[in-house]
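# mind folding the following:
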Amino acid sequence: MHVTLVPWIAAAGELKTKPTQHSVKELRAIGIQPDILMCRSERDLPQDVKEKIALFCDVNVEAVITARDVSSVYECPLEFATAIGG
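Numbers count the residues shown, from 1 in each chain. Next up is the predicted model:
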């Protein structure tokens, strides 16, 4: 599992996947291939963004998980339960 950042760029009005792609590339350069990507972001990742990340990082689209920014660590389980439909 690899935790990475997918920043929202307000001026461009879009999520940027390059930081995630670059960090996975660097991991692969040292022989590590993540199976799951936990993508930190202040917004939910749309399906097309997840598909793009999956394609360029060589993981299943189901393994690209939105990890929304929260104000308290205690909110994380609730966010993940909501993200997977629980």
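
# quick one, strands of the chain?
2-5, 8-9, 14-15, 37-41, 64-68 (DSSP state E).

# pull the number of nearby residues for residue 73.
Under the neighbour criterion other CB atoms under 10 Å, residue 73 is assigned a count of 7. Yep, even glycine has a C-beta here, placed from its N, CA and C like the rest.

# residues touching it, list them.
The contact partners of residue 73, by CB atoms under 8 Å, 6 or more residues apart in numbering, come to none.

# circling back: let me know which of the strands of the chain is the nearest to residue 82.
Evaluated over these, closeness to residue 82 peaks at strand 64-68, with 8.9 Å, by CB to CB.

# residues contacting that closest one, please?
The contact list for strand 64-68, computed with CB under 8 Å, 6+ apart, reads 3, 36-45, 50, 53-54, 57, 76, 79-80, 83-84.

# now with 7 Å?
Strand 64-68 is contacted by residues 3, 36-41, 44-45, 50, 53-54, 79, 83 when judged by CB atoms under 7 Å, 6 or more residues apart in numbering.

# reformat the strands of the chain as JSON lines; add distance to residue 23, mean pLDDT and mean neighbour count.
Below are those laid out as JSON lines (distance: least, CB to CB, whole Å; pLDDT from 0 to 100; neighbours: other CB atoms under 10 Å):
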{"stretch": "strand 2-5", "distance to residue 23": "5", "mean pLDDT": "92", "mean neighbour count": "16"}
{"stretch": "strand 8-9", "distance to residue 23": "17", "mean pLDDT": "93", "mean neighbour count": "11"}
{"stretch": "strand 14-15", "distance to residue 23": "15", "mean pLDDT": "94", "mean neighbour count": "16"}
{"stretch": "strand 37-41", "distance to residue 23": "9", "mean pLDDT": "93", "mean neighbour count": "19"}
{"stretch": "strand 64-68", "distance to residue 23": "13", "mean pLDDT": "89", "mean neighbour count": "20"}
